[in-house]
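# have a look; sequence and predicted model below, questions after that.
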Amino acid sequence: MTSPVQPGNSPSTSANAVGTSTANVLLQNGTRPRGAESASHVFSTVQSDLNFLSSTNLSVEEKGGASATHDPAPAEPSAVSVAHLDTNVLLAPPPLTATVPQNATRLAHTVVTTAAPNAQTPKVTTPEGTTFCEWARSAWHNLFTPRIASPRDLIHELSLRNISSDAEEAAAPRLNAPAAACPMTDLGADFQVTRHIDHGGFGNVDHAIDLRLQRDVAIKTIHADKADRNSQRSAFLTEARLMAYLDHPSILPVYDLYADHNNSLNLVMKLIRGSNLKALLKKTITAYRTASREEIRLSERRLLPERLEVFIKVCNAIAYAHHKGVLHRDLKPENIMVGNFGEVYVMDWGIAEHQSIETLAHFSGRVAGTLKYIAPELIAHRPYDSRSDIYSLGMILFEIVFLKPAYPSGSDADIRKSVLEHNIQSYSHAFGIHVERALKLIIDKAIRPSPAARYQNVRNFADDIGHFLRIEPVAAEPNPFIGMLNRIRRKIFG
């Protein structure tokens, strides 16, 4: 066992140097480091301190042994001595006066204390048969050698450690900045529009050529009849800022925002070559209509896992958006693009909202989104949160698996009633193909009427899909024995 540090009369120069280098990183300006880059710098600094200690003669008294010699150094007032480093109990001498948050990351197994002037040399007792440096390196290794199964687990680990950056904390309030604070240059000077691609609720999407970089881009232009409305311009600008705020491989990148001679707003984005998920599902359904049941069964054994992998990428993007405080609120197959080389993008953030922003939908009483995919709490004008997006993802997964919508076509009033009463179609494949029980249970858990009964976050939802694909237990299975039997059957018979 390690004894508490005893005040010493002559702290070593090496200990003072180590303590100062680490304390400067940890306590600069009275704040903890922010961001993965700062955290990495702190880790490397502490490691270098331990290496520095190994090359010095720090006074160490081992059990039953004599104390080692140390290099004498003149006593200094309030000199920093290092013995056992733990940022949760960190004490800093003047002028390095600062406080460390209670949830500061535990960087190493050490304590920094203030040595009294003219005190005795600090002595540390380590486990029998080990030196201080060997023990410190062992503690470092045990505490900070990660056992990470996947990049997603790493992201989750960092979120648990509450590592964030200044940009993440400061960007959200800027989403509501007025349009006047965003000067824009003329679109025609930099881009040549070549053809029309699509149109939506906010505006038209055109193909254009970037005259400076000679690349193809997509330009979304607000409708002419909405360009002069402050509320519509504000909503368009908020969409642009939200998309720029969300930096994820499966969220469409934004290049810039421009004005034109008609005083319209133009959002320049990456051009995606591919098809949306709705078109891909329709193409599959059309092909199956002329195929035999055996051909469909064999085809689904290959295509269904591919569609589920696409769905997991969508879930990862939405999980990231939720982590950043953004709700999409209009998730549906049409708003998911699949590129020609397997890229997946979540599109159309026109009615998305940040938790710090109140949108017009809150005050108008209107239902935003597509009725077939929005959660019942939105239709009933009840409070909603990220679990409403999970419901929409469940509706998409229903179509991916069963190749039919959860609610049959009908009038808005009929669909609204079906959503509120949860009158969905049967959990059966449109072409009579067998669907695994685990997959049905996952869908059922995602689209339950009560938000409290659904998956509570998108990460858990995506994890269950991954477990299903790997023939592992899923959280949605209420009967572990039946789940085990089904997994054995899948492993044996496919």
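Great, that's in hand.
# just the buried positions in the helix or strand hosting Ile318, please.
Ile318 is part of helix 293-323 when elements are defined by DSSP states H and E. By neighbour count on 16 or more other CB atoms under 10 Å, the buried set for helix 293-323 is 296, 299-300, 303-304, 307-308, 310-323. Bear in mind the C-beta positions are built from the backbone N, C-alpha and C, glycine included.
# repeat for stretch 343-352
In stretch 343-352, counting by 16+ other CB under 10 Å, buried: 343-352.
# how is the protein carved up into domains?
13-151, 173-270, 274-493 (automatic domain parsing).
# and which of the buried residues of stretch 343-352 is nearest to Ala259?
Gly350 (19.2 Å; CB to CB).
# low-confidence ranges in the stretch 251-400 of the chain?
356-367 (pLDDT under 70).
# where do the strands of it begin and end?
Applying DSSP state E, counting those that start in this stretch to the stretch 251-400 of the chain gives strands spanning 254-259, 265-270, 274-276, 326-327, 336-339, 344-346, 353-354.
# helices or strands next to the fifth one in the packing?
Contacts of strand 336-339 with other secondary structure elements, assessed using 3 or more CB pairs under 8 Å, 6 or more residues apart in numbering; DSSP states H and E, are made with strand 274-276, helix 277-288, helix 293-323, strand 344-346.
# ok, which of these comes nearest Arg212?
strand 344-346 (24.0 Å).
# just checking, what packs against that closest one?
Checked by 3+ CB pairs under 8 Å, 6+ apart, strand 344-346 has helix 293-323, strand 336-339 packed alongside it.
# show me the contact partners of it.
250-252, 272, 310, 313-314, 317-318, 321, 328, 331, 335-339 (CB atoms under 8 Å, 6 or more residues apart in numbering).
# run the last query once more with 6 Å
250-252, 272, 310, 313-314, 317, 337-338 (CB atoms under 6 Å, 6 or more residues apart in numbering).
# returning to that earlier point: now the helices and strands packed on strand 344-346 as a markdown table including distance to His422?
Putting the helices and strands packed on strand 344-346 into a markdown table (distance: least, CB to CB, whole Å) gives the following:
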| stretch | distance to His422 |
| --- | --- |
| helix 293-323 | 22 |
| strand 336-339 | 24 |
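# among the ones you listed, which comes closest to Gly394?
That would be helix 293-323 among those, by CB to CB, at 10.4 Å.
# tell me the SS of the residue nearest to Leu397 when sequence neighbours are not counted?
Nearest non-adjacent residue to Leu397, counting by CB to CB, 6 or more residues apart in numbering: Ile443, 5.4 Å away. What DSSP: H, G, I helix; E, B strand; the rest coil gives for Ile443 is helix.
# isn't His223 right next to Gly203, touching?
Yes: here His223 reaches Gly203: they are 5.1 Å apart, a contact under CB atoms under 6 Å.
# quick one, which of the two is more surrounded?
Using other CB atoms under 10 Å, the more surrounded residue of His223 and Gly203 is Gly203, with 23 against 16.
# Leu242 belongs to a helix, doesn't it?
Yes: counting by three-state DSSP, Leu242 is located in a helix.
# for the buried residues of stretch 343-352, name the two members farthest from one another.
Glu343 and Ile351 (23.8 Å).
# check the gap between the nearest residue to Val458 once chain neighbours are set aside and Tyr391 for me.
Nearest non-adjacent residue to Val458, counting by CB to CB, 6+ apart: Ala319, 4.0 Å away. The gap separating Ala319 from Tyr391 is 15 Å, by CB to CB, to the nearest Å.
# right, and Glu334 touches Lys278 too?
Yes: Glu334 is in contact with Lys278 according to CB under 6 Å; the separation is 4.7 Å.
# surely His248 and Ala317 touch.
Yes: here His248 reaches Ala317: they are 5.3 Å apart, a contact under CB under 6 Å.
# just to revisit the earlier point, would you list the helices and strands packed on strand 336-339 in a markdown table and tack on distance to Leu265?
Listed next are the helices and strands packed on strand 336-339 as a markdown table, based on distance: least, CB to CB, whole Å:
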| stretch | distance to Leu265 |
| --- | --- |
| strand 274-276 | 24 |
| helix 277-288 | 27 |
| helix 293-323 | 22 |
| strand 344-346 | 21 |
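# which among these is found nearest to His207?
Of the helices and strands packed on strand 336-339, the one closest to His207 (CB to CB) turns out to be strand 274-276, at 14.0 Å.
# just checking, what packs against the closest one?
strand 336-339 (3 or more CB pairs under 6 Å, 6 or more residues apart in numbering; DSSP states H and E).
# and Lys372, what are its phi and psi?
Dihedral angles phi and psi of Lys372 (degrees, to the nearest 10) take the values phi -70, psi -20.
# and the closest residue to it other than its chain neighbours, which of the three is it?
Of all residues not flanking Lys372 in the chain, Tyr407 sits nearest, at 5.3 Å (CB to CB, 6+ apart). Following three-state DSSP, Tyr407 is assigned to coil.
# which pLDDT value goes with Tyr407?
Here the pLDDT value assigned to Tyr407 is 93.
# how much space separates it from Ile442?
In terms of CB to CB, Tyr407 sits 19 Å off from Ile442.
# who's in contact with Arg212?
Asp190.
# mind checking what secondary structure it has?
Here Arg212 is recorded as coil under three-state DSSP.
# count the residues that sit near Ser292.
Ser292, neighbours per other CB under 10 Å, totals 9.
# repeat for Pro480
Pro480 has 9 nearby residues by other CB under 10 Å.
# let's have the chain start at 712 instead
Taking 712 as the first residue, the last one we looked at is Pro1191.
# between the helices and strands packed on strand 1055-1057, which gets nearest to Thr997?
helix 1004-1034 (12.4 Å).
# just checking, what packs against the closest one?
strand 1055-1057, helix 1097-1113, helix 1169-1180.
# I'd like those laid out as JSON lines, including distance to Asp1125.
JSON lines is the format used below for these (distance: least, CB to CB, whole Å):
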{"stretch": "strand 1055-1057", "distance to Asp1125": "28"}
{"stretch": "helix 1097-1113", "distance to Asp1125": "16"}
{"stretch": "helix 1169-1180", "distance to Asp1125": "28"}
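# tell me which of the ones you listed sits nearest to Ser1139.
It's helix 1097-1113; of the helices and strands packed on helix 1004-1034, that one is closest to Ser1139 (CB to CB) at 6.7 Å.
# who are the packing partners of the closest one?
Helix 1097-1113 packs on helix 1004-1034, helix 1148-1157, going by 3+ CB pairs under 6 Å, 6+ apart.
# so which of those is nearest Val1130?
The closest of those to Val1130 is helix 1148-1157. By CB to CB, the value is 14.5 Å.
# name the residues that touch that closest one?
In contact with helix 1148-1157 (CB under 6 Å, 6+ apart) are residues 1101, 1105, 1108-1109, 1112, 1138, 1165-1166, 1172, 1175, 1179, 1185, 1187-1188, 1197.
# what is the nearest of those to Ser942?
When those are compared for distance to Ser942 (CB to CB), Ile1101 wins out at 29.3 Å.
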